[in-house]
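[1] just to be clear, the model below is a prediction. Sequence and coordinates:
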Amino acid sequence: MTAADAREVRDRFAAVPLELSAAAVGAEGSPVPAGEWGLDEVVRHLIAVEEIVWQGRLRQLALVDRPTWPWIEPEPWSGEPAATLGDLLAIFRDGRAETVAILDGMNAQAWARTGVHAEWGEIDVAELVKRAIEHDEEHLAGLRAASVGGGG
């Protein structure tokens, strides 16, 4: 991976909080289909995934040679029960900024480090971040669809 490629992946990853805020504003007030998470739960889930999965794995890559990771899908973050949607979006933004800072502290050798995921196999830092972006985009697509489908 070239430095330019790493920068492109990093920049796309760093752009998600702004996109999430826009999608959340559009989806606010939209009806929640039965069995689906509401807007706050989606943002809380993204907060949990940021901390537990992405930050946890990036930090582990710095400390352990070829760590192994199970598939996990964290439940929504349970902190600050009275937080407003704006508060939750800020918490996610700050968490993502912390993750981006981890990436910014990595040199080319660190970006080349790999871990072994239970379903994805061996992946390097760039592939891990691309998987994070895919996860974010799935949730963004759901929020955007909710705003098109009514409400907001």
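    Looks like it arrived, so ask away. Keep in mind it's a predicted model, so treat the numbers as computed, not measured.

[2] in terms of secondary structure, what does the lengthiest helix in the chain contact?
    Counting residues, the longest helix in the chain under DSSP state H turns out to be helix 125-148. Helices and strands touching helix 125-148, by 3 or more CB pairs under 8 Å, 6 or more residues apart in numbering; DSSP states H and E, are helix 3-14, helix 16-27, helix 39-49, helix 56-63, helix 108-111. For every residue, glycine as well, the C-beta is placed using N, CA and C.

[3] what residue ranges in the protein score low on pLDDT?
    148-152 (pLDDT under 70).

[4] ok so, going back, can you tell me which of the helices and strands packed on helix 125-148 is packed in deepest?
    helix 39-49 (a mean of 22; mean count of other CB atoms under 10 Å).

[5] of the helices and strands packed on helix 125-148, which is nearest Ala90?
    The closest of the helices and strands packed on helix 125-148 to Ala90 is helix 16-27. By CB to CB, the value is 8.9 Å.

[6] hmm, who's touching that closest one?
    Helix 16-27 is contacted from outside by 39, 43, 46, 85, 89, 92-93, 96-97, 133, 136, 139-140, 143-144, 146-147, 151-152, using CB atoms under 8 Å, 6 or more residues apart in numbering.

[7] thinking again about what came up before, could you dump the helices and strands packed on helix 125-148 into CSV and include distance to Glu73?
    As requested, these are exported to CSV (distance: least, CB to CB, whole Å):
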stretch, distance to Glu73
helix 3-14, 19
helix 16-27, 18
helix 39-49, 8
helix 56-63, 14
helix 108-111, 26
